[in-house]
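Student: I would like the atomic coordinates for the input below:
(2 chains)
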Amino acid sequence: INIVLVEGVRTPFLLSGTIYNDFMAHDLARAALLGLLNKTSLPKDAVDYIVYGTVIQEVKTSNVAREAALGAGISEKIPAHTVTMACISANQAITTAVGLIAAGQCDVVVAGGVETMSDMPIRHSRKMRKTMLTLNKAKTLSQRLTLLSKIRLGYLTPELPALTEFSTNETMGHSADRLTAAFGVSRREQDEFAFRSHSLAKKAQDAGLLSDVLSVNVPGKGIVSKDNGIRPSSMEQLEKLKPVFIKPHGTITPASSSFLTDGASAVLLMSEEKALAMGYKPKAYLRDFVFVSQDPKDQLLLGPSYATPEVLEKSGITLDDIDVFEFHEGQILANLKAMDSDWFAQTCMGRKSKVGVLPIEKLNLWGGSLSLGHPFGATGARLVTAAVNRLKKEGGQYALVAACAAGGQVVFDL
Amino acid sequence: MDKIVSYRHKSISPIIICLHYSGSLNRIKPWFLRGCLLKLLPFFFLEAFRSHVSYEVKDDVAVIRINNPDSKVNTLSIPMQREMAEVMNEVWANGAVKSVVLISSKPGCFIAGADINMIQACRSAEEVTALSQEGQKMFEKIEKSPIPIVAAINGSCLGGGLEFALACQYRVATKSRKTVLGTPEVMLGLLPGAGGTQRLPKMVGLPSAFDVMLTGRNIRADKAKKMGLVHQLVDPLGPGLKDSDVRTVEYLEEVAVGFAKGIVNKSIPLTKRKGIMQKLQDYAMGIPFVRQQIYKTVTKRVMNQTKGLYPAPLKIIECVKAGLEKGSEAGYLEESQNFGKLAMTPESKALVGLYQGQVACKKNRFGTPEREVKNLAILGAGLMGAGIAQVTVDKGVNVILKDTATEGLSRGQDQVYKGFNAKVKKKSITSFERDTTMSCLTGQLDYSGFERVDMVIEAVFEDLSIKHKVLKEVEAVTPPHCIFATNTSGLPIKDIAAASKRPENVIGMHYFSPVDKMQLLEIITTDKTSKDTTASAVALGLKQGKIIIVVKDGPGFYTTRCLSPMLAELLRLLQEGVEPKKLDLLTTSFGLPVGAVILADEVGIDVAAHVGKTMTKAFGSRLDGGNIEVVTTMVEKGFTGRKAGKGFYIYEKGSKSRNINPAAEEILKKFKLSAPPSVSSDSDVQYRLVSRFVNEALLCLQEGILSNPMEGDIGAVFGLGFPPFLGGPFRFVDAFGADKLVQKMKKYEEVYGNQFTACQLLQDHAKDSSKKFYK
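Tutor: Residues are numbered from 1 along each chain as shown, chains lettered A, B, ... in the order given. Below you'll find the predicted structure:
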């Protein structure tokens, strides 16, 4: 079965704590879903299944895909589920959809991702939670009082969702800074790449190339139709920024890391047969993908380096055949260096020689996660849609999508 | 027999490493004399003679690299110091150099300390004092350097290495697990003799400085930063374009160079802004009365712990005090003089000897075994079995822990879990490392999976018929190469091996309780044990982090055998009416870490009775002394020692004070003997106990149970708590005098009989005073 991408959309990606401040995650997801349905004029009853990816879950809507679908007026008879795989959660949603179609389970699947960092579940401390739960079971007043009397001031310290690897207890930024140092990526190279990302994004936005961005009406705040994190500045300004994670000698600054972002994305996937039967003109075939994983401590963000050669070999094409590269801009420079290193290939990847030089002139030409933003759960679908739209625009044949994720895993769509 | 001895010098870590530095110099000489052009000579002097220290100038920063040739570690040897002085002079004379970075080229070592051979080669205190003063002068120059010097630390930074770093203006350390800072000199009976006693209190405050110097413990980088010992931390890097160790050091250098430049252009401040607590502490330390109180408390604590038997801690306090109260000139003088004095003390020599012995006992003299033990099974999940599992499972060995009952098994698994969880709480491992480690431990009640096992260690009940039973069961299910190790403390291995189809694969591995704390492992070989089996057992023991002695088979092997006559004598003394508390006091003041009566309770009265009987059977009258019925009666009444809550003392949970068990006292009264006044003074009591221990140790060497005195000393100190400052029974005989000891024993022999007869070896040494166990 050939699996095709019919259309992809996303809400504007906005800095957390700005216009989407009052939205919950399922509100954003619903906006993307409705936008997709409208854009494709897909009848609501034509969808067979819905899969969404998300990272930090709102406990009230842990199956956010289902809440979004219900809110979008999709029949309650259509099943929906939510997946999570850190920054490649949406990629996981897409490949899940591919699997469902390939297995003949469904013909039409909406896959997407959503994240909001404007509202996060902040919990009571474990001790406090324990006390509260025991309190529920306490029967007499004296039992309750004894329990209450055990509460100490320290119990009231809240627990924030951590952007740290649970297994290593290291924050992603910290890990990334070590990674850039391990690959000898200089501060200047990173600043230049950040500058490139913002400039390209601005150009693409001005030229109207970001056609996947929907207009979303935010109650009380009007309609948003543009990403608001794109800030082309100058190298001089970038040089002045101080490192954020490892102080004072780190190399990653606010410019060379993604800002906290709210946003949602969605793609419509079908079997080719079904798409044609419904009268759609598919935009691209989804050919192959791999997930890989590595040591979560030292190789956390190196997924693309490992996955690129694997998926190419699996598909029987080479790096040179690829016309469009859309890579998640998390430690992309370290990945480029890794792929260009014989030592790394031989020592860490168990390959005979290096993967090769990735042609930067084909990479992320419409901006990337540094400039457009990175709502963790939603980025994967944005990458795929951008790659597909670029293929159309640039007239290419093959596109390669890669992203790295916490836990050291990666996805590739082709 | 499980010996629970907490030994103060538990971790004489690899600090000051002995090195032969002369090799490289000698090699270069003939080479350059062989017809080199005269005008090239200066060049060769520069290049060829600098085998330890080199430097290059990056922009305006001189990067000085330390790299002892032919060694895994850097030490402050004489050539290294000379070269360092030369390089520093060149750097200071070079106007283009604005700052310096000092770094080691060795992946896991900054500087591990002073060269101990250098100190050992000295014949007098004055010579050692002179060495100390040399060091002081060199570091004073470093401290007063006109341009900032940044010490970039990765790996061990100990002793003189730390003192060097402290003299620098700025310190950057990697957070690598190998990075440790500390002044372990006290464990060798010495003190930090190159300005450490003077600089440390100023840098980290009086209380922390005392803590660092008096315990000699290793401080990890993050703690060092908190204490103010280092200014900045650098994260170790993973593999990238190069090996992670190599790249980490490069990165450290890059970062340190950045700091050096930053200090010069004033963007990096040299002093940290002090917090309120720090200011308060500084204020308090400014008050002479407060300082006096601290000296007093610290001295009291030291006296409590050392009974005044170890001179070094007291000298350290003196040096710190002199520096703070009389000014730095007096302080440095006191430091160098005390350093000289300490180096000549027998205590220091004994401790250095132990250190060297320990290094030797961490090598496998039986070579690499044919196959590595990857799957280990342990029979019996009791204290011992679980303890052995705990020290093995985190070393990349899959462990099966087998017991016969669910309760025992679950208790054992819990013990292992608790051990690792304690490490999580101390943050030395992550909870994930704990979980992945625990996933290599399988608890089970049957023999499934034993077909994959390379070695079985049995820790079942000490009964020959039970041991035979499990041996046969094990051999029926294990592959032919599988080694059967028995963790017995007294039963001869050959008796156990008698039931084996493969006696060449049977060996004794005698662990000490608690296994995760006690460093010693006594390995026992029979005539039939193959060399490869021994090599394999030693290799596993080393993996477990043990200090290993390998002894010949015999009743009680070495350690249990030494202990038994001493316990027999202890019983005699108790029967003669010496109070348990007094006996404990007399033994601890002799230097034992735990009083002898408490030791008996900890070991278990039943175990002592059992071993006593076995040993008496084997050695007859040499084990005479107390009446064994005393202990058998105690066992009958359930007074089996600490584990039962009652032995000679009563043990109550949560209470630290011990009271005499009146019922045990009654039993002693029933068996009361009169104390002959001629051999019952306090000193006689001590020497009656010690001489029997020492005599038995020498007998073990005489009979070939031990292969050398050094292993005997290591075994006695690390397994039985023989006073470390005496260095072990053999070094004790050397220092005390064999003739004097024989005299004492003769006196006791006249009263008690042949259990006090000095062995032939001891008599030989007594007759010829030139005979020594250590040259």
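Student: what's the local residue count around the residue of the stretch 601-750 of chain B found nearest chain A?
Tutor: Here the stretch 601-750 of chain B gets closest to chain A at one residue, B:G654, 21.4 Å apart by C-beta to the nearest C-beta. Heads up, the C-betas are built off the backbone N, CA and C, glycines and all. Neighbour count for B:G654, taken as other C-beta atoms under 10 Å in any protein chain shown: 4.
Student: likewise B:V424?
Tutor: Using other C-beta under 10 Å, B:V424 has 15 other residues around it.
Student: now stretch B:721-730: buried residues?
Tutor: Neighbour-count burial for stretch B:721-730 flags B:G721, B:F722, B:P723, B:P724, B:F725, B:L726, B:G727, B:G728, B:P729, B:F730 (criterion: 16 or more other C-beta atoms under 10 Å in any protein chain shown).
Student: hang on, I meant stretch B:126-139
Tutor: Quick answer for stretch B:126-139 (16+ other C-beta under 10 Å): B:V128, B:T129, B:L131, B:S132, B:Q133, B:E134, B:G135, B:Q136, B:M138, B:F139.
Student: contacts only, for the closest residue to chain A within the stretch 201-350 of chain B.
Tutor: Chain A sits closest to B:G238 of the stretch 201-350 of chain B, with a gap of 2.2 Å, by C-beta to the nearest C-beta. Going by C-beta atoms under 8 Å, 6 or more residues apart in numbering or on different chains, B:G238 touches A:R178, A:L179, A:A182, A:D295, A:K297, A:D298, A:Q299, B:S244.
Student: tell me which element it is part of?
Tutor: According to DSSP states H and E, B:G238 maps onto no helix or strand at all.
Student: without its sequence neighbours, what residue ends up closest to it?
Tutor: Closest residue in space to B:G238, ignoring its immediate chain neighbours: A:D298 at 2.2 Å, by C-beta to C-beta, 6 or more residues apart in numbering or on different chains.
Student: can you get me a residue count around the one you found?
Tutor: Per other C-beta under 10 Å, the neighbour tally for A:D298 reads 21.
Student: so it lies in a strand, does it not?
Tutor: No - checked against DSSP: H, G, I helix; E, B strand; the rest coil, A:D298 lies outside a strand; its state is coil.
Student: and the pLDDT for it?
Tutor: With respect to pLDDT, A:D298 scores 87.
Student: pretty sure it contacts B:R247?
Tutor: No - with contacts counted by C-beta atoms under 8 Å, A:D298 stays clear of B:R247, the gap being 10.7 Å.
Student: residue of the stretch 301-414 of chain A closest to chain B, please.
Tutor: Counting by C-beta to the nearest C-beta, the stretch 301-414 of chain A gets nearest to chain B through A:S341 (5.0 Å).
Student: ok, back up a step: on the three-state scheme, the residue of the stretch 601-750 of chain B closest to chain A is what?
Tutor: Quick answer, by three-state DSSP: B:G654 is coil.
Student: for it, phi and psi?
Tutor: phi 80, psi -10 (degrees, to the nearest 10).
Student: ok, the residue of the stretch 301-414 of chain A closest to chain B - contacts?
Tutor: A:K354, B:G240, B:L241 are the contacts of A:S341 under C-beta under 8 Å, 6+ apart.
Student: before we move on, the earlier item: now render the buried residues of stretch B:721-730 as JSON lines, adding secondary structure, distance to chain A and pLDDT.
Tutor: Formatted as JSON lines, the buried residues of stretch B:721-730 follow (DSSP: H, G, I helix; E, B strand; the rest coil; distance: C-beta to the nearest C-beta, whole Å; pLDDT from 0 to 100):
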{"residue": "B:G721", "secondary structure": "coil", "distance to chain A": "39", "pLDDT": "92"}
{"residue": "B:F722", "secondary structure": "coil", "distance to chain A": "43", "pLDDT": "95"}
{"residue": "B:P723", "secondary structure": "coil", "distance to chain A": "43", "pLDDT": "95"}
{"residue": "B:P724", "secondary structure": "helix", "distance to chain A": "38", "pLDDT": "95"}
{"residue": "B:F725", "secondary structure": "helix", "distance to chain A": "42", "pLDDT": "96"}
{"residue": "B:L726", "secondary structure": "helix", "distance to chain A": "46", "pLDDT": "96"}
{"residue": "B:G727", "secondary structure": "coil", "distance to chain A": "43", "pLDDT": "96"}
{"residue": "B:G728", "secondary structure": "coil", "distance to chain A": "43", "pLDDT": "97"}
{"residue": "B:P729", "secondary structure": "helix", "distance to chain A": "48", "pLDDT": "97"}
{"residue": "B:F730", "secondary structure": "helix", "distance to chain A": "47", "pLDDT": "97"}
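Student: just the CA trace of the host helix or strand of A:R30, in PDB.
Tutor: According to DSSP H and E, A:R30 maps onto helix A:25-40. Written as PDB, here are the backbone C-alpha positions of helix A:25-40 (Å, rounded to 0.1, in the frame of the first residue of the first chain):
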ATOM      1  CA  ALA A  25      -3.500  21.800  25.000                       C
ATOM      2  CA  HIS A  26      -6.700  20.200  23.500                       C
ATOM      3  CA  ASP A  27      -7.800  23.700  22.400                       C
ATOM      4  CA  LEU A  28      -4.700  24.000  20.300                       C
ATOM      5  CA  ALA A  29      -5.000  20.500  19.000                       C
ATOM      6  CA  ARG A  30      -8.600  21.100  18.100                       C
ATOM      7  CA  ALA A  31      -7.600  24.300  16.200                       C
ATOM      8  CA  ALA A  32      -5.100  22.300  14.100                       C
ATOM      9  CA  LEU A  33      -7.600  19.500  13.500                       C
ATOM     10  CA  LEU A  34     -10.400  21.800  12.400                       C
ATOM     11  CA  GLY A  35      -8.000  23.800  10.300                       C
ATOM     12  CA  LEU A  36      -6.900  20.600   8.500                       C
ATOM     13  CA  LEU A  37     -10.500  19.500   8.000                       C
ATOM     14  CA  ASN A  38     -11.400  22.900   6.600                       C
ATOM     15  CA  LYS A  39      -8.400  23.200   4.400                       C
ATOM     16  CA  THR A  40      -9.000  19.800   2.800                       C
END
